[in-house]
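# Based on what follows, work out the 3D shape:
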Amino acid sequence: SVTVTNTGARDGDEVVQVYVLPNASSIFPDNIYPTPDPLSIRQLVAFQRVSVPKGQAVTVPFTLGVPAFASATREGDRVAWAGRYDIAFTTTGITEGPNTSRQAVEI
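As a prediction, this is how the structure comes out:
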């Protein structure tokens, strides 16, 4: 889950986006990638629009299953590789910076 705070003077809506960013070196330590590209591309795996009253905070829950961590192999199969991933919560689509919260997970 992530908490969204409205510090503005008006009620507002936000779209919270959840991205998965694979840590390729933890997943493929020998730099042997079974996918077309090294797993450095972020994937949008969930989003939710929320209304946030002025001066309030809203907690937005997300549940990510194993498919959220899957990537396509060269053969087109979807595989969730064991390793470390970052989950980025953002309202801007940018996965770095002040409007982003990150959490590391292992699968």
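
# immediately after the lowest-mean-pLDDT helix or strand in the chain, which helix or strand?
Here the helix or strand of the chain ranked lowest by mean pLDDT, DSSP states H and E is helix 24-27, holding a mean of 67. Sequence-wise, the next helix or strand downstream of helix 24-27 (DSSP states H and E) is strand 43-52.

# Just the CA atoms of that following strand, as CSV, please.
The C-alpha coordinates for strand 43-52 follow below in CSV (Å, rounded to 0.1, in the frame of the first residue of the first chain):
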residue,chain,number,x,y,z
GLN,A,43,6.6,-2.4,-16.3
LEU,A,44,3.4,-0.8,-15.2
VAL,A,45,1.6,-3.5,-13.3
ALA,A,46,-1.2,-1.7,-11.5
PHE,A,47,-2.9,1.6,-11.1
GLN,A,48,-5.8,3.1,-9.2
ARG,A,49,-7.6,6.5,-9.3
VAL,A,50,-8.3,7.9,-5.8
SER,A,51,-10.1,11.0,-4.5
VAL,A,52,-8.2,12.8,-1.8
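
# Now do it, average pLDDT.
Strand 43-52 shows a mean pLDDT of 94.

# ok, now stretch 97-107?
Mean predicted lDDT for stretch 97-107 stands at 80.
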